[in-house]
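Undergrad: got a predicted structure here, sequence first:
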There are 2 protein chains.
Amino acid sequence: MSAPSIRARVRAELTDEIKAVARRHLATDGANLSLRAVARDMGMVSSALYRYFPSRDDLLTTLIIDAYDAIGAAVEAADARVDRTDLRGRWYAVWHAVRDWALANPAEYALIYGSPVPGYAAPQDTIGPAIRTPVTLVRILADGVAAGLLTAPGGGAALPEPVRADVARLVDSDFPGVPAELLTLGMVGWIHLFGAVSFELFGQLNNVIFARREAFQYQMELMADLIGLPA
Amino acid sequence: MSAPSIRARVRAELTDEIKAVARRHLATDGANLSLRAVARDMGMVSSALYRYFPSRDDLLTTLIIDAYDAIGAAVEAADARVDRTDLRGRWYAVWHAVRDWALANPAEYALIYGSPVPGYAAPQDTIGPAIRTPVTLVRILADGVAAGLLTAPGGGAALPEPVRADVARLVDSDFPGVPAELLTLGMVGWIHLFGAVSFELFGQLNNVIFARREAFQYQMELMADLIGLPA
DNA sequence: CGGGCGTCAAGAGCGATGCTCTCTTTTGCT
DNA sequence: AGCAAAAGAGAGCATCGCTCTTGACGCCCG
């Protein structure tokens, strides 16, 4: 409870400002942001930045964690705004939250979901914030099962045994009671959500699909149907 | 039919060698490849490379086009190996061809399907090669319709009108006779294919799913079922 | 067959990058 | 009030993409 020292506070503020400026640069320069340019924007000399971040990679890692946390928070907030038992409403809310956040912060989205920088290994610190979004998505299904609103879908291809083993590990650790088939479908939905947003953001449907939002919604509903979310 | 001059031939060979070396560097350095390093590997001086490529971006563009053509050729070859009327077999072949190529050439896959380099606008020359893969995928459905093996699926969410308009344009220009609902489902499958491969390649299912191939196959079959490909 | 032209590689150089090291100044705690 | 720790400034190193100039080589045509 000790009040943080003045030094520590101004340091934290400066660190935040550096991150903010870096984020601004990220929007225009992408992943290849320049430490010197950030320093210039802050009226500093490049070497001074090294008092706050040991390297450019470290700055990037911090931005990555922040981005994961930002989209995770946005998604969780969107989910929280919907009645717990309205599974389909929650599903829609999460999907739109992901897309809206990505459209509002394309550079940061690309940073975390785009091609990884070669030679850059994501530190362990990133995995925690990284799973917030998919966990929120899958939790909708878990809540549905717990509330008796959702059961494992019957038809379709059988779940291959090795996949079932992988998913079972996940069921035991985080989503007890959820059928493996259902959780797998949740992950499939998460993969498709990511694919749809990335496709739109990375320009793969330029000159092909112009009704972006409607196309996104269509896929959102399609996946909800596939999972068997009650209308 | 005039024999190309010796000058032109050695020039072409050198150009190819530069691309090959650059591709090798791409595998380790990613999109931020160094012209000077490529030149060093070729026993040249950096400035000499500018005789062959006007800029680094231009080299990258060439590599991008080559990559699109490579995966497109691999996909078309895989599709061609299957009986024309075996729609599901062709679907599976194309899916696996995409994944296999991506796993074999991760850097080039990231180059074309990863986050776009900011400030880099894909030239028109890329769109031709870029659509080879999705066209091959959707053509399976078109062939199925032409052969009377496939019809528009009944259930599911209704296609939103703006999306129908976008898809109708595509139907008229490239896939006459294909119902818009079906072609849309084909694109959904293409998006999911891209999402699944990208997820695997970009490390998003590290420490979660280990049975990569089986998980991929499961999604491949799921999408085939969704489209209604006859077993 | 030989001179001229076009192509090519090389080198030096410019501005910029990430990062390190040293030095000076500021600053907050005791 | 004084001191030690922290922060900033500056120079410097190796590297980058790119430009310009300078020789040298090979090809084509008279």
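TA: All right, it came through fine. Residues are numbered from 1 along each chain as shown, chains lettered A, B, ... in the order given.

Undergrad: residue ranges with poor pLDDT in chain A?
TA: A:1-4, A:118-119, A:155 (pLDDT under 70).

Undergrad: helices of that one, start to end?
TA: A:6-29, A:35-41, A:46-49, A:56-80, A:87-104, A:106-113, A:127-130, A:132-146, A:161-174, A:180-201, A:212-227 (DSSP state H).

Undergrad: now mean neighbour count and distance to DNA strand D too, for those, in JSON lines please.
TA: Where you see a C-beta, it was placed from the backbone N, CA and C, and this is true even at glycine. Shown next, in JSON lines, are the helices of chain A (neighbours: other CB atoms under 10 Å in any protein chain shown; distance: least, CB to the nearest atom of the strand, whole Å):
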{"stretch": "helix A:6-29", "mean neighbour count": "15", "distance to DNA strand D": "4"}
{"stretch": "helix A:35-41", "mean neighbour count": "17", "distance to DNA strand D": "8"}
{"stretch": "helix A:46-49", "mean neighbour count": "14", "distance to DNA strand D": "3"}
{"stretch": "helix A:56-80", "mean neighbour count": "19", "distance to DNA strand D": "13"}
{"stretch": "helix A:87-104", "mean neighbour count": "20", "distance to DNA strand D": "29"}
{"stretch": "helix A:106-113", "mean neighbour count": "23", "distance to DNA strand D": "21"}
{"stretch": "helix A:127-130", "mean neighbour count": "17", "distance to DNA strand D": "25"}
{"stretch": "helix A:132-146", "mean neighbour count": "21", "distance to DNA strand D": "30"}
{"stretch": "helix A:161-174", "mean neighbour count": "16", "distance to DNA strand D": "39"}
{"stretch": "helix A:180-201", "mean neighbour count": "23", "distance to DNA strand D": "25"}
{"stretch": "helix A:212-227", "mean neighbour count": "20", "distance to DNA strand D": "32"}
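
Undergrad: can you lay out the ones you listed as a markdown table showing distance to DNA strand C?
TA: Listed next are the helices of chain A as a markdown table, based on distance: least, CB to the nearest atom of the strand, whole Å:
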| stretch | distance to DNA strand C |
| --- | --- |
| helix A:6-29 | 4 |
| helix A:35-41 | 4 |
| helix A:46-49 | 3 |
| helix A:56-80 | 3 |
| helix A:87-104 | 25 |
| helix A:106-113 | 15 |
| helix A:127-130 | 22 |
| helix A:132-146 | 28 |
| helix A:161-174 | 36 |
| helix A:180-201 | 24 |
| helix A:212-227 | 33 |
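
Undergrad: want to throw those helices into TSV with distance to chain B?
TA: Shown next, in TSV, are these (distance: least, CB to the nearest CB, whole Å):
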stretch	distance to chain B
helix A:6-29	6
helix A:35-41	14
helix A:46-49	19
helix A:56-80	12
helix A:87-104	11
helix A:106-113	4
helix A:127-130	7
helix A:132-146	9
helix A:161-174	3
helix A:180-201	2
helix A:212-227	4
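
Undergrad: can you list these in a markdown table and add distance to B:R169?
TA: Supplementary listing: the helices of chain A in a markdown table, determined by distance: least, CB to CB, whole Å:
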| stretch | distance to B:R169 |
| --- | --- |
| helix A:6-29 | 32 |
| helix A:35-41 | 42 |
| helix A:46-49 | 50 |
| helix A:56-80 | 33 |
| helix A:87-104 | 23 |
| helix A:106-113 | 26 |
| helix A:127-130 | 38 |
| helix A:132-146 | 33 |
| helix A:161-174 | 38 |
| helix A:180-201 | 18 |
| helix A:212-227 | 13 |
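
Undergrad: identify whichever of those helices lies nearest to B:Y50.
TA: Nearest to B:Y50, of all the helices of chain A, is helix A:6-29, at 24.0 Å by CB to CB.

Undergrad: and the closest one, C-alpha only, in PDB?
TA: The C-alpha trace of helix A:6-29 is given here as PDB (Å, rounded to 0.1, in the frame of the first residue of the first chain):
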ATOM      1  CA  ILE A   6       7.400  10.200  -7.500                       C
ATOM      2  CA  ARG A   7      10.200   8.800  -9.600                       C
ATOM      3  CA  ALA A   8       8.400   5.600 -10.200                       C
ATOM      4  CA  ARG A   9       5.200   7.500 -11.200                       C
ATOM      5  CA  VAL A  10       6.800   9.800 -13.700                       C
ATOM      6  CA  ARG A  11       8.700   6.800 -15.100                       C
ATOM      7  CA  ALA A  12       5.400   4.900 -15.500                       C
ATOM      8  CA  GLU A  13       3.800   7.900 -17.200                       C
ATOM      9  CA  LEU A  14       6.700   8.300 -19.600                       C
ATOM     10  CA  THR A  15       6.600   4.600 -20.400                       C
ATOM     11  CA  ASP A  16       3.000   4.900 -21.200                       C
ATOM     12  CA  GLU A  17       3.600   7.900 -23.400                       C
ATOM     13  CA  ILE A  18       6.300   6.000 -25.200                       C
ATOM     14  CA  LYS A  19       3.900   3.200 -25.800                       C
ATOM     15  CA  ALA A  20       1.200   5.600 -27.000                       C
ATOM     16  CA  VAL A  21       3.600   7.300 -29.500                       C
ATOM     17  CA  ALA A  22       4.800   3.900 -30.700                       C
ATOM     18  CA  ARG A  23       1.200   2.800 -31.200                       C
ATOM     19  CA  ARG A  24       0.700   5.900 -33.300                       C
ATOM     20  CA  HIS A  25       3.700   5.100 -35.400                       C
ATOM     21  CA  LEU A  26       2.600   1.500 -35.600                       C
ATOM     22  CA  ALA A  27      -0.500   2.700 -37.500                       C
ATOM     23  CA  THR A  28       1.500   4.200 -40.300                       C
ATOM     24  CA  ASP A  29       4.700   2.200 -40.300                       C
END
